[in-house]
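>>> this is a predicted model, with the sequence first.
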Amino acid sequence: MAIATIDPTTGITLKTFDAHTPEEVENRIARAEAAFRSLQNTSFEERARWMHKAADILESEADEVARLIATEMGKTLTTAKYEALKSATGMRHFADHAQRYLSPETPVPAKEVNASNLHVQFDPLGVVLAVMPWNYPLWQAVRFAAPALMAGNTGLLKHASNVPQCALYLGDLFARGGFPEGAFQTLLVEGKDVIPLVDDARIRAVTLTGSVAAGSAIAEAAGRNIKRSVLELGGMDVFIVMPSADIEKAAAQAVIARLQNSGQSCIAAKRFYVHEDVYDRFEHLFVTGMAEAVAGDPLDESTSFGPLATERGRQDVHELVRDAREKGAAVQCGGEIPEGEGWYYPATVLTGVTEDMRIYREECFGPVACLYKVSSLQEAIALSNDSDFGLSSSVWTNDETEATEAARSIEAGGVFINGLTASFPAVPFGGLKDSGYGRELSAYGIREFVNIKTVWTS
Ligand code: NDP
């Protein structure tokens, strides 16, 4: 994929970028390694000061950054600005809490292991490579960068090829905050050229957010090199609605759950399992809400959701819808590519989806919901778990026993009761099965890229 900003509302290429040459890549890795030697000797206080300053800069530039995000990948200006401000909040969180998350621990009293002193400390690993996607071009990268830098690691960002200007902005942001030159840099390289980076001995760990195919390639290379890796891949998150739920609220939130980021979110609900006692009411409210949401110009503040980020992405979404329709699914709304320029796709609801349809198992990265009727919570849970993915889930019930049962039995990295799945800086985020492994954010996330070192004194 060429490295370029292509306007998703027109398909017009606005700016192209040359990939870094092998010499430029080499130079950046060497600088990242040199910067690590100085960063690892700085204090949490110093790093926190730089991180807060970088967050100040980001906040003060939120309007122009939002425009950049909206232009490069098509989300609405309002949600892009929210993303920029959320990223600054995430940076401040790790500035304020990294020291606590990484303070030394004593697992047992020293004398239990015949020592006079015992502690476990969390040392940085070195240069960490982050391979990031375009869907949240700032937040996905910041949720790697903030904990990594606060732990004392240095970072190399290989961002998605369709968001180069967001990538270059991030490449400067942390240095502008005061971090040593080389502590965080952007590499302009294409996905096909990433594996040699994982093979490079100076890169000590790697994290990827993206597709299962890319995650699998990274995991294979990391395994071959015996390197730490964290993967945050796709999701087929469920949205379960039980009779005791507030159905109006659940239906309104279901629309948001499916349409956030034009449906291009790993934690967007994709499968909706609704109890038969409330199915008709929910279906009416949900389909009406989806049909009323109109895709439009992301720069217009009244727009519900923007175009899909890439032409290929829209083609993939439509192929899944076409396959389902041909095999007998009913299209309750949407389902047709609109006339005109830009990579728009309408909010779409499918019913009658069966196992032989691709969309039953494959992640649909666009505004398409599959709505199913179930007769019990047990059936909804069994269907939820009948998936290769296990990222998160949302369960709507006011019955405590059902909530407990869902939390216990759903095979996913998260269960949100009566609310949308979301990410918070202080809460772990990640999945199971093909959704990946390892955790981002929180104390669990910052500890992914540290050496857990035992110090035992006789
Ligand atoms: P990719 O997984 O292809 O892209 C994500 C990142 O990985 C990009 O930086 C990309 O670089 C890089 N990459 C791609 N192939 C490789 C590879 N073989 N080795 C190393 N790095 C690689 O996602 P797409 O953008 O193509 O989207 C495809 C599907 O992936 C979506 O439909 C969705 O299902 C899933 N996805 C999930 C996301 C999530 O949040 N979990 C985010 C984005 C996508 P480059 O851009 O240069 O190709």
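Cool, the structure landed.
>>> pull up the residues of the protein that are close to the ligand.
Residues of the chain that fall close to the ligand, judged by Cβ under 6 Å from any ligand atom: 1, 131-135, 158-161, 190-191, 194, 208-211, 214, 217-218, 232-234, 266, 313, 316, 363, 365. Heads up, the C-betas are built off the backbone N, CA and C, glycines and all.
>>> so of those residues, which ones are in strands?
With DSSP state E as the criterion, strands contain 131, 158, 208-209, 232 from among the residues of the chain next to the ligand.
>>> for these, work out which two are farthest apart.
Considering Cβ to Cβ, no two members of those lie farther apart than Lys158 and Glu232, which are separated by 14.9 Å.
>>> which of those two has more residues huddled nearby?
With other Cβ atoms under 10 Å as the criterion, Lys158 and Glu232 differ in neighbour count, and Glu232 comes out ahead with 28 against 23.
>>> grab the nearest non-local neighbour of the closest residue to the ligand within the stretch 301-450 of the chain.
Using Cβ to the nearest ligand atom, Phe365 is the residue of the stretch 301-450 of the chain that sits closest to the ligand, at 3.3 Å. Ranked by Cβ to Cβ, 6 or more residues apart in numbering and with sequence neighbours excluded, the top spatial neighbour of Phe365 is Gln264, at 5.1 Å.
>>> now the helices for the stretch 151-300 of the chain?
Assigned by DSSP state H, counting those that start in this stretch, the helices in the stretch 151-300 of the chain fall at 164-177, 195-199, 212-224, 247-259, 279-292.
>>> would you turn the ones you listed into CSV with mean neighbour count?
Rendered in CSV, the data for the helices of the stretch 151-300 of the chain read as follows (neighbours: other Cβ atoms under 10 Å):
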stretch, mean neighbour count
helix 164-177, 21
helix 195-199, 17
helix 212-224, 17
helix 247-259, 21
helix 279-292, 18
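>>> can you redo these as TSV with distance to Ala443 and mean pLDDT?
Putting those into TSV (distance: least, Cβ to Cβ, whole Å; pLDDT from 0 to 100) gives the following:
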stretch	distance to Ala443	mean pLDDT
helix 164-177	22	98
helix 195-199	26	98
helix 212-224	23	98
helix 247-259	27	98
helix 279-292	37	98
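>>> which one of those lies closest to Glu33?
Comparing these by their distance to Glu33 (Cβ to Cβ), the top pick is helix 195-199, with 12.8 Å.
>>> and that closest one, C-alpha only, in PDB?
These are the backbone C-alpha positions of helix 195-199, laid out as PDB (Å, rounded to 0.1, in the frame of the first residue of the first chain):
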ATOM      1  CA  ILE A 195       9.200  -8.300   9.400                       C
ATOM      2  CA  PRO A 196      12.900  -7.400   9.000                       C
ATOM      3  CA  LEU A 197      12.300  -4.800  11.800                       C
ATOM      4  CA  VAL A 198      11.100  -7.500  14.100                       C
ATOM      5  CA  ASP A 199      14.100  -9.600  13.200                       C
END
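>>> elements contacting that helix?
Identification of packing neighbours for helix 195-199 by 3 or more Cβ pairs under 8 Å, 6 or more residues apart in numbering; DSSP states H and E yields strand 203-209, helix 212-224.
>>> which stretch of helix or strand covers the residue nearest the centre of the chain?
For the chain, Gln140 is the residue whose C-alpha lies nearest the centre (Cα atoms, centre = their mean; 5.4 Å). Gln140 is part of helix 139-151, with elements assigned from DSSP states H and E.
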